[in-house]
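Colleague: after the sequence you'll find the predicted model.
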Amino acid sequence: MVKSICTRARKRAEEALLRLSSAVRTSIDSIVLTDLEGTIVEINDATLAMYGGTDPADLIGHSVFELIAPDDRARAVAGMMKVLEKGYLKEREYQVLRKDGRTIRVCGHQSRPHGPQAGGVRTSASQRSS
C-alpha cells in the first residue's frame, strides 16, 4: 500500500515537473538560469531567438555579463548583488549584445530561487522596442 502511494506521488511530481519545464521552454519571454557567479546554466528557446543564436552552447557556460553591453555591465553586476541580497529585482533595463554584435534593449526581472537546490539566479526578460 505504501509503495503504491509513493509511486503515485512520484508520478504526479514528475508530471508537474514536465508541465513546468514545458512552460519555461515554450515561454515567449527569455528565461535564463545562472549560478551564483553569473555563469549561464540553462536557457529557453526565446533566449536563443532574442540573442540571435541557434545553439544553446553559444550561451550555456558563458558569463551572463558577457551578454550585457559594456556601458551597462557595472549596473548589471550591482543588480546581481542586489538580487543576492534582497532576493529579487524588478523592471531593470539593459542593453544586451546579440550574437551578430548588434545591441537590443531588454527589460528583465531577476530572482533568486529558494529551496534546497536553489543555487543561482533566474532572469526573465523581454525585448523592448527602441
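Modeller: Good, I have the coordinates. Numbering: from 1, shown residues only.
Colleague: distance of the residue nearest the centre of the chain from Ala16?
Modeller: The centroid of the chain falls nearest to Val32 when counting by CA atoms, centre = their mean (1.7 Å). Computed with CB to CB, to the nearest Å, the distance linking Val32 and Ala16 is 22 Å. For glycine as for every other residue, the C-beta is placed from the backbone atoms N, C-alpha and C.
Colleague: and the residue nearest to the centre of the chain, what's its pLDDT?
Modeller: Listed pLDDT for Val32 reads 90.
Colleague: what helix or strand does it sit in?
Modeller: Per DSSP states H and E, Val32 falls inside strand 30-35.
Colleague: which of the residues in that strand are buried?
Modeller: 30-34 (16 or more other CB atoms under 10 Å).
Colleague: so what strands line up beside that strand?
Modeller: Strand 30-35 pairs in its sheet with strand 40-43 (antiparallel), strand 120-128 (antiparallel), by DSSP bridges.
Colleague: buried stuff in the shortest one?
Modeller: Buried positions in strand 40-43, judged by neighbour count with 16+ other CB under 10 Å: 40, 42-43.
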